[in-house]
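>>> here is my input, please return the structure:
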Amino acid sequence: MGSSESTATQSESTGGGSSWFADYFGFAEHGTDLKTEIVAGITTFLTMSYIVAVNPAIMANAVTIPGYSTGQVIQMLAVVTILASVTATLVMAFYANRPFAQAPGLGLNAFFAFTVVITLGIPWQTALAAVFVEGLLFIFLTAIGAREYIVRLIPEPVKFSVGTGIGLFLGIIGLQAMGVVAPDEATMITLGSLAQSPVAIVSLLGLFLTLGLYARGVRGAIIAGIGLTTIAGFALSFLGYGAGALSGEFITEGAFNAGALPAATYDITPLAGAFLEGFQNVEAFTFALVVFTFFFVDFFDTAGTLVGVGQAGDFLDEDGNLPDIDEPLMADAVGTTAGGMLGTSTVTTYIESATGVEEGGRTGMTALVVAGLFLVSLVFVPLAAAIPQYASHLALVVVAILMLRNVVEIEWDDLTHAVPAGLTIMVMPFTFSIAYGIAAGILSYPIVKTAAGRYDEVSAGQWVLAVAFLGYFIVRTGGYLA
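Numbering: from 1, shown residues only. A predicted model of the protein is given here:
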């Protein structure tokens with residue numbers, strides 16, 4: 001067999017040259033084929049599809065629309081979650097040609113709802129305007145290459161600890177919704193009355209079932225756990241066991257009364273474009289601070305995820321950097337801008353993309369499959385309003401556990417790494433703020449390095465970041481936003 005014939009045979013076996021997809025995404029160059037990419041895309045979608053239910057459940061804590069029930073708002077949020085995910089992931093597929101999937105980020109949506117809207121008292125429309133401005137800023141910085149430069153300034157221990165801190169933050173939110181932890185005047189939080197709470201019993205059983213499925217390597221374990229927990233709640237309520245508790249404060253309205261479920265709502269006009277209203281009567285300083293906070297939380301979240309997934313796919317160079325990182329960063333920027341316009345929080349790259357990479361996904365074809373499956377999921381939007389909060393939030397606990405694994409990458413024997421990493425991890429859940437945790441880590445890094453006599457390991461840019469975050473703490477806690 002001649003060399004040209006052998007090459008042709010190899011090309012066909014990998015899907016190279018035999019289809020438009022193979023030519024466009026470069027299957028032969030990346031050592032993959034159409035079947036592998038499709039399987040990888042399906043795998044990634046199954047592991048992250050929970051966001052279609054979880055993001056609306058979190059955002060609904062902050063978004064209220066006069067004349068619409070909570071169930072209808074949740075359905076609107078589910079639609080915009082899907083549309084924002086599709087937009088960003090398509091850019092990732094066709095522009096960046098990477099097997100990474102994107103959607104509104106866990107942690108980022110919690111920051112939007114609980115910190116910006118509920119704690120700071122900023123209208124949700126203004127928060128969306130801040131997300132939109134953040135996206136435009138990202139597009140500009142990515143286009144000129146500045147975003148990649150700033151990513152390299154983030155101290156290594158902070159990069160490795162952000163995921164763990166966010167995991168603890170999400171874990172507390174999830175456990176509260178499940179009724180596992182409860183507020184306490186003496187100790188701030190304590191164990192809930194588990195044996196007396198139908199919510200806690202059902203959600204804990206659902207959590208352990210989900211973890212068991214995940215441990216067995218079942219694809220879609222999280223969404224299966226959410227679904228089975230919801231069905232169990234329906235069944236118990238129908239049988240009259242704990243119906244009052246199960247249909248109380250922990251779930252969305254109508255979840256256990258099929259006749260009360262709202263009709264399918266695909267009209268997103270009350271959400272889409274609401275960011276424009278958010279620009280009215282904006283207090284410039286407060287708005288700028290919110291934009292800045294969204295900016296650096298998303299900055300670190302996306303950068304860390306891209307590097308982590310890139311490592312899983314052996315995409316990193318010898319210096320541990322992802323080549324052409326500006327391209328996937330642009331997908332994140334476009335997705336965030338579109339999300340703000342549609343009515344949802346910041347879009348980011350999902351760590352669950354690593355599951356598709358492990359299945360062999362190497363090109364944007366994987367991302368294209370994910371985007372297509374998100375579009376198909378529009379059919380199931382009405383079900384979003386039927387999922388109780390304790391069922392959807394068990395996903396936060398599962399993701400939190402998985403995110404704790406990053407802690408092993410930290411050099412705990414080196415105090416100049418342990419201090420900023422430890423502060424980043426502790427401050428996030430204890431202050432209920434991702435932003436505070438990241439700022440604490442960046443601020444402490446040059447201080448402990450200098451105290452240890454290793455000031456030469458701190459760059460000028462890192463000192464600038466530390467000073468900026470010192471100013472952030474002063475402004476944020478000095479009563480300027482009261």
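>>> so how far is residue 75 from the most centrally placed residue in the chain?
The centre of the chain sits closest to residue 105, judged by CA atoms, centre = their mean, with a distance of 2.1 Å. Here residue 105 is placed at a distance of 21 Å from residue 75 (CB to CB, to the nearest Å). The C-beta positions use only the backbone N, C-alpha and C, and glycine is treated the same way.
>>> likewise for residue 363?
34 Å.
>>> and the next helix or strand past the helix ranked longest in the chain?
In the chain, taking DSSP state H as the definition, the longest helix is helix 284-312. Next along the chain after helix 284-312, taking DSSP states H and E as the criterion, comes helix 326-342.
>>> what's that following helix packed up against?
With contacts defined as 3 or more CB pairs under 8 Å, 6 or more residues apart in numbering; DSSP states H and E, helix 326-342 has these neighbours: helix 70-91, strand 102-104, helix 124-143, helix 146-153, helix 284-312, strand 347-349.
>>> and the angle from the third one to helix 284-312?
Read that as helix 124-143. 50 degrees (axes from the mean of the first three to the mean of the last three CA atoms, to 10 degrees).
>>> show the average pLDDT along helix 124-143.
Averaging pLDDT along helix 124-143 gives 93.
>>> pull out the buried positions in it.
For helix 124-143, the neighbour count (16 or more other CB atoms under 10 Å) marks 124-135, 137-139, 141-142 as buried.
>>> and for the second one?
Applying a neighbour-count criterion of 16+ other CB under 10 Å, one finds 102, 103, 104 buried in strand 102-104.
>>> kindly reformat these as a markdown table and extend each row with distance to residue 231 and pLDDT.
Converted to a markdown table, the buried residues of strand 102-104 look like this (distance: CB to CB, whole Å; pLDDT from 0 to 100):
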| residue | distance to residue 231 | pLDDT |
| --- | --- | --- |
| 102 | 30 | 95 |
| 103 | 25 | 95 |
| 104 | 26 | 94 |
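>>> pop out the phi and psi values for residue 393.
phi -80, psi -10 (degrees, to the nearest 10).
>>> the closest residue to it other than its chain neighbours and residue 388: what is the separation?
Excluding its sequence neighbours, the residue lying closest to residue 393 (CB to CB, 6 or more residues apart in numbering) is residue 177, at 3.8 Å. Using CB to CB, we find residue 177 at a distance of 9 Å from residue 388.
>>> need the strands for the stretch 101-250 of the chain, in chain order.
102-104, 181-184, 188-191 (DSSP state E, counting those that start in this stretch).
>>> what's the most buried one of those strands?
Most buried of the strands of the stretch 101-250 of the chain, by mean neighbour count (mean count of other CB atoms under 10 Å): strand 102-104, with a mean of 32.
>>> for that strand, the distance to its chain's centre please.
Centroid displacement of strand 102-104 relative to its chain, using CA atoms, centre = their mean, to the nearest Å, is 6 Å.
>>> so what does that strand touch, helix or strand wise?
Going by 3+ CB pairs under 8 Å, 6+ apart, strand 102-104 lies up against helix 51-59, helix 70-91, helix 326-342, strand 347-349.
>>> now do 10 Å
helix 51-59, helix 70-91, helix 326-342, strand 347-349, helix 364-376 (3 or more CB pairs under 10 Å, 6 or more residues apart in numbering; DSSP states H and E).
>>> following the last one, which helix or strand shows up next?
If I follow you right, that is helix 364-376. Sequence order places helix 389-392 as the next helix or strand after helix 364-376, per DSSP H and E.
>>> please save the CA atoms from that following helix in CSV.
C-alpha atoms of helix 389-392 as CSV (Å, rounded to 0.1, in the frame of the first residue of the first chain):
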residue,chain,number,x,y,z
GLN,A,389,-35.0,24.0,45.6
TYR,A,390,-33.6,21.3,48.0
ALA,A,391,-33.4,19.0,45.0
SER,A,392,-31.7,21.4,42.6
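>>> returning to that earlier point: for the record, mean pLDDT for the longest helix of the chain?
The predicted model assigns helix 284-312 a mean pLDDT of 74.
>>> about what we covered before: for the residue nearest to the centre of the chain, grab phi and psi.
phi -80, psi 140.
>>> surely the residue nearest to residue 393 and residue 387 touch.
No: assessed by CB atoms under 10 Å, residue 177 is found out of contact with residue 387, at 11.8 Å.
>>> show me which of the buried residues of strand 102-104 is closest to residue 71.
Of all these, residue 104 has the smallest distance to residue 71: 19.4 Å, by CB to CB.
>>> quick check, nearest of the buried residues of strand 102-104 to residue 110?
Among the buried residues of strand 102-104, and counting by CB to CB, the member closest to residue 110 is residue 104, at 10.6 Å.
>>> my read is that that closest one contacts residue 347, right?
Yes: judged on CB under 10 Å, residue 104 makes contact with residue 347 at a distance of 5.6 Å.
>>> spit out the residues that contact these two alike.
Common contacts of residue 104 and residue 347 (CB atoms under 10 Å, 6 or more residues apart in numbering): 81, 84, 85, 88, 131, 335, 336, 339.
>>> what sits closest to the third one if chain neighbours are left out?
The one in question is residue 85. residue 103 is the one closest to residue 85 (CB to CB, 6+ apart), at 4.0 Å.
>>> may I see the buried residues of stretch 109-121?
109, 110, 111, 112, 113, 114, 115, 116, 117, 120.
>>> what's the answer for stretch 211-220, then?
211, 213, 214, 219, 220.
>>> now those residues as JSON lines including pLDDT?
JSON lines is the format used below for these (pLDDT from 0 to 100):
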{"residue": "211", "pLDDT": "92"}
{"residue": "213", "pLDDT": "90"}
{"residue": "214", "pLDDT": "86"}
{"residue": "219", "pLDDT": "72"}
{"residue": "220", "pLDDT": "72"}
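>>> which two in those are spaced the farthest apart?
211 and 219 (14.9 Å).
>>> in the stretch 301-450 of the chain, where is pLDDT below threshold?
301, 304, 308, 311-313, 318-320, 384-385, 434-435 (pLDDT under 70).
>>> mind doing that once more with 90?
The stretch 301-450 of the chain contains residues with pLDDT under 90 at 301-326, 348-361, 377, 379-410, 424, 427-440, 442.
>>> follow-up on the earlier one: would you turn the shared contacts of residue 104 and residue 347 into TSV with distance to residue 317?
Putting the shared contacts of residue 104 and residue 347 into TSV (distance: CB to CB, whole Å) gives the following:
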residue	distance to residue 317
81	34
84	31
85	29
88	25
131	32
335	25
336	26
339	30
